[in-house]
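In: sequence? don't have it. structure:
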């Protein structure tokens, strides 16, 4: 069983399934792809994330050895290596996915719009929705909280009226079933540090101070602005954008102590892509220091600097709105001066946190959580894939912040561990 | 409720109205502030040098005196509160320094007294919802900018009164009195503090930025809990008017003055006539005096 359908979990699932073993892939959201599905381009090559991701999601979706359990969560774990008994709970989608053809008519006809989590609140979705146009599986779910049928006792029901194959099922109940599996790969990924906790940066109250995933959605061609950079408050194209690195990271007193590892790179990427889209715009990056260790990474940051992104070495102390601008107070420690920038948009590279529910799942699996909240490996140097519990392996950012290539590598490594286990006569 | 109370020097001299309005308001709310029978100046700064223990002898003595008469100590002035609270923490948690300080004062004190700011007492002992119900005269239509400054909130790890970046306590208090509370960007910026003594241009500039931000947010008055902030913000306005063209003067009030007015207390002793920028016309225009 692989828990988590992001890039790391998919890699593990594909490697194991390609070797001929059955895989159950459990994903909490309605479709797979994870965080990578929200990204626009990827560093350092500027490959379109969706273009390199979609072949994977489709392959997982069609693989005859992979059983997809999306919109599902692990409820209970029993048994042991070679014979785990995992109870999986599937939330009611209120749509019969066997019948549904994924035509999308229901989403078109639904009248009720709500802010979309996938769009990080800067875009909308309907009360019946699929995560994205490329969703795998491409089947919608109904959000009961915002559906008028559920909230106003049967009024509306537009989706059911228009569905050509009568797939809407308002009576659907949650399902719980048990899977018997030999090994488990845990790949539950990450969340971002909530802006509410960064009160010096406005605590999420200012519309034009956004986090890095929101900016990814602005950059993305499938995002709410169809890839145009427009700020949330008034839809204007921002002429000056300030990127703030280490927002909550490397701040043991007020945030988290560790480095989130990917922010230097994705900030360089975001600043560069902004410059590509808004030619006369000015991008500023506040940084503590640049950590660009990786193949082609340093060169990529240099490229961003050469293309006119202004790097300022220092922290930002305060952000506040003034006359339609967002004022940024910071320090440039190289010149020893205070800096004040009247920006149109501010992007916070907020710290990476283990995804919500990590500690609950760890408890169910009886695996350890480290000091900073991520799954703890059996040994930080020589056993980074093993969880410490026999038969349970770790992959991706749930074990610690990491970028895409590293997450993929760890997915494959976890698969190799599982396959080695299955190939051995005697359990290790 | 009986609480030991440390007025401090400024409240006994320059800010008598702050003391009188605070004491009368507390009394009206059933909080009996009993002045320490013996007290001295708190030192008025918490030393930046970590080994300057001599500067902590004065506040240690105050805390020791408080312990002899009770287990709580309430301050109104932000600076007194800041110094007493930090000194108390140090005495509680830093054994080496405690031992040395105890040798200086020739008595044993271990940081057991709990130090309160009156704002804290209002929030925790009365509660702002309850307070809102006890208001006799709602301060309807009065748009105020709650100004916290630095020392009331920071360093957060030692003071812990409220979020140091987005504090609520003064906002919530003023809202419970019926005021219209404005958001303004400089509510936790420094007013220049003691630079007033040797670099008045710096204080003028910093204080101006605060008032400017409050005015831009549509405030009719600025509210503070610190006599030094009050001095810098209020007294410097004459200079500001001369220096910054187009500057509009704005009254600066202590939170206790508004609290007292809202509780329907006779304001004669509140020192409203002693302000540089007279708040009385504004208050009168809202039917308050």
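Out: Structure received. Since the structure is predicted, the reported quantities are computational estimates derived from the model, not experimental observations.

In: residue contacts, residue A:388?
Out: Neighbouring residues of residue A:388 by Cβ atoms under 8 Å, 6 or more residues apart in numbering or on different chains: A:367, A:368, A:376, A:377, A:378. Any C-beta I mention is one placed from the backbone N, CA and C, and that applies to glycine too.

In: With adjacent residues omitted, what lies nearest to the fourth one?
Out: Spelled out, that is residue A:377. Once flanking residues are discounted, residue A:377 sits nearest to residue A:384: 4.7 Å by Cβ to Cβ, 6 or more residues apart in numbering or on different chains.

In: That neighbour: what's it in contact with?
Out: Contacts for residue A:384 (Cβ under 8 Å, 6+ apart) come out as A:377, A:394, A:399, A:410.

In: what's the helix or strand where residue A:363 lies packed up against?
Out: Assigned by DSSP states H and E, residue A:363 belongs to helix A:358-365. Packing partners of helix A:358-365 (3 or more Cβ pairs under 8 Å, 6 or more residues apart in numbering or on different chains; DSSP states H and E): strand A:72-80, strand A:184-186.

In: residues contacting the residue of the stretch 1-150 of chain A at minimum distance from chain B?
Out: Closest contact between the stretch 1-150 of chain A and chain B, by Cβ to the nearest Cβ, is at residue A:121 (19.7 Å). By Cβ under 8 Å, 6+ apart, the residues touching residue A:121 are A:115, A:214.

In: which non-adjacent residue is nearest residue A:418?
Out: In space, residue A:418 is closest to residue A:183, 4.5 Å off (Cβ to Cβ, 6+ apart).

In: Spatially nearest residue to residue A:227, not counting backbone neighbours?
Out: residue A:221 (4.1 Å).

In: Now do the SS call for that neighbour.
Out: When classified by DSSP: H, G, I helix; E, B strand; the rest coil, residue A:221 comes out as coil.

In: Run a quick neighbour tally on it.
Out: By other Cβ atoms under 10 Å in any protein chain shown, the residues close to residue A:221 number 12.

In: and it, what does it touch?
Out: Contacts of residue A:221 by Cβ under 8 Å, 6+ apart are A:40, A:50, A:227.

In: Could you pull up the contacting residues of the residue of the stretch 101-250 of chain A found nearest chain B?
Out: As assessed by Cβ to the nearest Cβ, chain B sits closest to residue A:199 within the stretch 101-250 of chain A, at 3.6 Å. By Cβ under 8 Å, 6+ apart, residue A:199 lies in contact with B:163, B:164, B:165, B:166.

In: now, which of the residues you listed lie close to chain A?
Out: Among the contacts of residue A:199, the residues lying close to chain A (Cβ under 8 Å from any Cβ of the partner chain) are B:163, B:164, B:165, B:166.

In: Could you turn the buried ones of those into a ChimeraX selection?
Out: Applying 16 or more other Cβ atoms under 10 Å in any protein chain shown to these, the buried members can be selected in ChimeraX as follows:
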select /B:164,165,166
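
In: Which pair in the ones next to chain A among the contacts of residue A:199 has the greatest spatial separation?
Out: Using Cβ to Cβ, the pair of these lying farthest apart is B:164 and B:166, separated by 8.4 Å.

In: Residue A:327: neighbour count?
Out: Count around residue A:327 with other Cβ under 10 Å applied: 17.

In: quick check, the helix or strand that it is a member of touching chain B?
Out: Assigned by DSSP H and E, residue A:327 belongs to strand A:325-332. Yes: using Cβ under 8 Å from any Cβ, strand A:325-332 reaches chain B at residue A:327.

In: Does anything pack onto that strand? Which helices or strands?
Out: Partner elements for strand A:325-332 (3+ Cβ pairs under 8 Å, 6+ apart): strand A:240-247, strand A:282-287, strand A:310-313, strand A:316-322, strand A:337-343, strand A:345-350.

In: What does the residue nearest to residue A:227 show for phi and psi?
Out: phi -60, psi -20 (degrees, to the nearest 10).

In: Quick check: residue B:56 touching residue B:89?
Out: No: with contact defined as Cβ atoms under 8 Å, residue B:56 does not reach residue B:89; the gap is 11.2 Å.

In: before we move on, back to that, what's the closest of the helices and strands packed on strand A:325-332 to chain B?
Out: Of all the helices and strands packed on strand A:325-332, the one in closest proximity to chain B, counting by Cβ to the nearest Cβ, is strand A:316-322 (3.8 Å).

In: Please work out the average pLDDT along the closest one.
Out: For strand A:316-322, mean pLDDT rounds to 95.

In: So if we follow the domain assignment, how does chain A break up?
Out: Following automatic domain parsing, one gets these domains for chain A: A:2-91+A:174-189+A:355-423, A:105-162, A:194-351.

In: Pull up the per-residue confidence for residue A:254.
Out: pLDDT, residue A:254: 87.

In: Mean confidence (pLDDT) on stretch A:135-144, please.
Out: If you average the pLDDT values across stretch A:135-144, you get 96.

In: Stretch B:218-236 now?
Out: 97.

In: Pull the distance from it to the chain's centre.
Out: 11 Å (Cα atoms, centre = their mean, to the nearest Å).

In: mind listing what's buried in it?
Out: Neighbour-count burial for stretch B:218-236 flags B:219-236 (criterion: 16+ other Cβ under 10 Å).

In: same check, this time on stretch A:339-359
Out: Here stretch A:339-359 shows A:339, A:341, A:343-355, A:358 as buried, counting by 16+ other Cβ under 10 Å.

In: ditto for stretch B:123-136
Out: For stretch B:123-136, by 16+ other Cβ under 10 Å, it's B:123, B:126, B:128, B:131, B:132, B:135.

In: and residue B:89, how many neighbours?
Out: 16.

In: Run through the residues that contact the residue nearest to it when sequence neighbours are not counted.
Out: Nearest non-adjacent residue to residue B:89, counting by Cβ to Cβ, 6+ apart: residue B:158, 5.3 Å away. By Cβ under 8 Å, 6+ apart, the residues touching residue B:158 are B:85, B:86, B:89.

In: which SS state does residue B:158 fall under?
Out: helix.

In: hang on, residue A:178 in a helix?
Out: No: assessed with three-state DSSP, residue A:178 is strand; it does not lie in a helix.

In: That one: how many residues sit nearby?
Out: Residue A:178 has 12 nearby residues by other Cβ under 10 Å.

In: go on, the one 10 residues further on?
Out: Other residues near residue A:188 come to 31 when the count uses other Cβ under 10 Å.

In: what's near enough to touch it?
Out: Counted by Cβ under 8 Å, 6+ apart, residue A:188 has contacts A:3, A:4, A:354, A:355, A:357, A:358, A:361, A:396, A:398.

In: Report pLDDT for the fourth one.
Out: Here, the pLDDT recorded for residue A:355 equals 98.

In: For residue 15, which non-adjacent residue is closest in space?
Out: In the absence of a named chain, this looks at chain A. Spatial nearest neighbour of residue A:15, excluding adjacent residues (Cβ to Cβ, 6+ apart): residue A:415 at 3.4 Å.

In: that's the wrong chain, I meant chain B
Out: Leaving aside its sequence neighbours, residue B:15 sits nearest to residue B:227 (Cβ to Cβ, 6+ apart; 4.1 Å).
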